[in-house]
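> here you go, sequence then predicted model.
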Amino acid sequence: MVLAILSLNSHAQSPKILSLKEQAITIDRLLADKVKNTLPQLMRKNGIDMWIVMAREYNEDPVIRTLLPATWHAARRRTVLVMYDPGPNLDIETFAVARYDVGSVFKKAWDKEKQPDQWQRLVEIIEENQPKKIGLNYSNFEAQADGITHAEYQQFMTKLPESFQNKVVSAEQLAINWLETRTQAEIGLYPQIVAIAHDIIAQGLSNQAIQPGVTTTEDLVWWFREKAHSLGLKVWFHPSVSIQRADTKSFDHLRTFDSRPADNIIQPGDLLHVDFGITYLRLNTDTQQHAYILKARETDAPEYLKQALKNANRLQDIFTGNFKVGRTGNHVLKKSREAAKEEGINPAIYTHPIGYYGHAAGTTLGMWDSQGGVPHTGDHPLHANTAYAIELNAATFIKEWSKEIRIMLEEDAFFDGQQVHYLNGRQTEFHLVK
């Protein structure tokens with residue numbers, strides 16, 4: 001039903017976005033499905049039969065934000081969510097040790113009038129279920145798995161009976177697996193979410209938004225912000241627009257991603273780059289594409305730029321071809337860079353998981369300033385049913401410009417355990433601006 005509602009129109013029209021009510025219904029449906037059908041296997045895989053996620057109002061654990069209903073914008077007072085696995089072939093039991101039901105998934109399990117002490121009620125639930133391992137979200141290395149605050153941890157451990165103290169373990173891997181795993185229902189929707197982002201980019205990289213000789217890169221950045229806002233969408237980072245052209249300036253990562261001149265006027269002959277991402281239905285996109293600004297009497301980009309794009313597409317193929325369940329991000333990074341260099345491609349790979357967060361938890365495959373590997377997150381193995389922003393660049397020397405340029409691509413993709421599938425295709429031709 002949702003697939004039909006969310007169909008996209010042509011680039012000349014605005015994409016159809018669900019109403020806020022329909023979005024909330026969809027988000028809650030996705031959550032209920034994941035708790036019922038995905039969470040049990042994740043808890044059993046990690047050997048944790050009770051997972052406790054807690055947060056105080058406006059000091060959210062990154063995980064609790066993914067467990068709240070669509071109508072909750074934050075935890076209320078202290079919100080404690082308990083997930084207990086009673087055993088094989090049984091559903092996960094869920095409790096909300098809070099003043100309210102937490103949506104339809106977590107039912108209220110604390111009556112303050114009967115038990116004034118919230119911590120004691122949590123202890124009662126633990127004693128009633130006798131878990132073998134109690135997982136809490138703390139981690140030295142994974143920010144999104146380190147959501148419990150020092151004060152909450154101390155108060156919980158102070159109240160927890162001594163007989164359960166040695167059963168408390170880090171839920172780091174469980175939290176990462178929860179955040180990184182995409183369900184069948186989510187993957188059914190994700191291609192359309194990416195299609196919306198692609199549609200916006202196509203409009204932005206056209207004469208609809210760009211008047212060569214007049215429009216600046218900063219003008220275009222704010223066009224993307226305004227366009228997303230007008231559609232009722234959020235961007236999870238401030239977009240960036242940068243230019244490579246036939247001048248004496250060399251490629252600079254910091255300048256590309258952080259220190260761009262705001263008054264850079266877009267001119268014919270420019271190679272334009274945009275980095276843009278939206279949040280919709282609690283899932284994120286992250287896309288980088290290029291446009292060429294046609295000169296007078298030109299009808300296409302020059303062949304030397306088209307070849308540079310082909311080099312970057314080839315790097316994508318080499319890289320995604322090395323995805324294999326169990327391989328670490330550092331292994332895939334090393335193998336891909338070596339293979340690319342053997343083919344004469346100058347690679348930089350900095351791919352990250354995507355999902356509930358734009359820079360999500362899971363396997364990191366390089367960073368732009370860590371091409372030799374990334375400690376800890378790069379050691380995380382690849383799992384099936386995970387999504388990634390395939391982010392990389394290939395450097396090509398352009399004789400006609402007497403300089404090296406970088407084709408910087410980023411496309412959202414799904415790894416099913418066998419192959420990497422782009423969620424809504426990838427850029428293989430430049431957007432052309434007249």
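Great, that's in hand.

> now residue 319: closest residue in space that isn't a chain neighbour?
Computed as C-beta to C-beta, 6 or more residues apart in numbering, the closest residue to residue 319 that is not its neighbour in sequence is residue 336, at 4.4 Å. (Glycine included, C-beta is placed from N, CA and C.)

> isn't the one you found right up against residue 317?
No - counting by C-beta atoms under 8 Å, residue 336 does not reach residue 317; the two are 10.0 Å apart.

> on that earlier part again, burial count for the residue nearest to residue 319?
25 (other C-beta atoms under 10 Å).

> by contact count, what packs against the helix or strand harbouring it?
Element membership for residue 336 (DSSP states H and E) is helix 329-342. In terms of contacts (3 or more C-beta pairs under 8 Å, 6 or more residues apart in numbering; DSSP states H and E), helix 329-342 is packed against helix 303-320, strand 346-349.

> what do you get if the cut-off is 10 Å, keeping everything else the same?
The elements that helix 329-342 packs onto, with contact taken as 3 or more C-beta pairs under 10 Å, 6 or more residues apart in numbering; DSSP states H and E, are helix 303-320, strand 346-349, strand 386-398.

> quick one: closest of these to residue 228.
Among the helices and strands packed on helix 329-342, the nearest to residue 228 by C-beta to C-beta is strand 386-398 (17.3 Å).

> between the closest one and helix 329-342, what angle do the directions make?
Orientation of strand 386-398 against helix 329-342 (axes from the mean of the first three to the mean of the last three C-alpha atoms, to 10 degrees) gives an angle of 30 degrees.

> and the angle from strand 386-398 to helix 303-320?
150 degrees.

> only alpha carbons, please: show strand 386-398 as CSV.
Output of strand 386-398 as CSV, limited to C-alpha atoms (Å, rounded to 0.1, in the frame of the first residue of the first chain):
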residue,chain,number,x,y,z
THR,A,386,22.9,-3.6,5.9
ALA,A,387,23.0,-0.4,4.0
TYR,A,388,25.9,1.9,3.1
ALA,A,389,26.6,5.2,1.5
ILE,A,390,29.2,4.1,-1.1
GLU,A,391,31.4,7.2,-0.8
LEU,A,392,34.7,7.5,-2.6
ASN,A,393,36.6,9.4,-5.2
ALA,A,394,38.9,8.7,-8.1
ALA,A,395,41.6,11.1,-9.2
THR,A,396,42.3,11.7,-12.9
PHE,A,397,44.9,14.0,-14.4
ILE,A,398,43.2,16.3,-17.0
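
> after that strand, next one along is what?
strand 403-415.

> mean confidence score for that following strand?
The pLDDT scores in strand 403-415 average 97.

> what of stretch 383-398?
Stretch 383-398 carries an average pLDDT of 98.

> correct me if wrong: the residue nearest to residue 319 contacts residue 349.
Yes - counting by C-beta atoms under 10 Å, residue 336 touches residue 349, with 6.1 Å between them.

> give the residues shared as contacts by those two.
Common neighbours of residue 336 and residue 349, counting by C-beta atoms under 10 Å, 6 or more residues apart in numbering, are 315, 316, 318, 319, 365, 366, 392.
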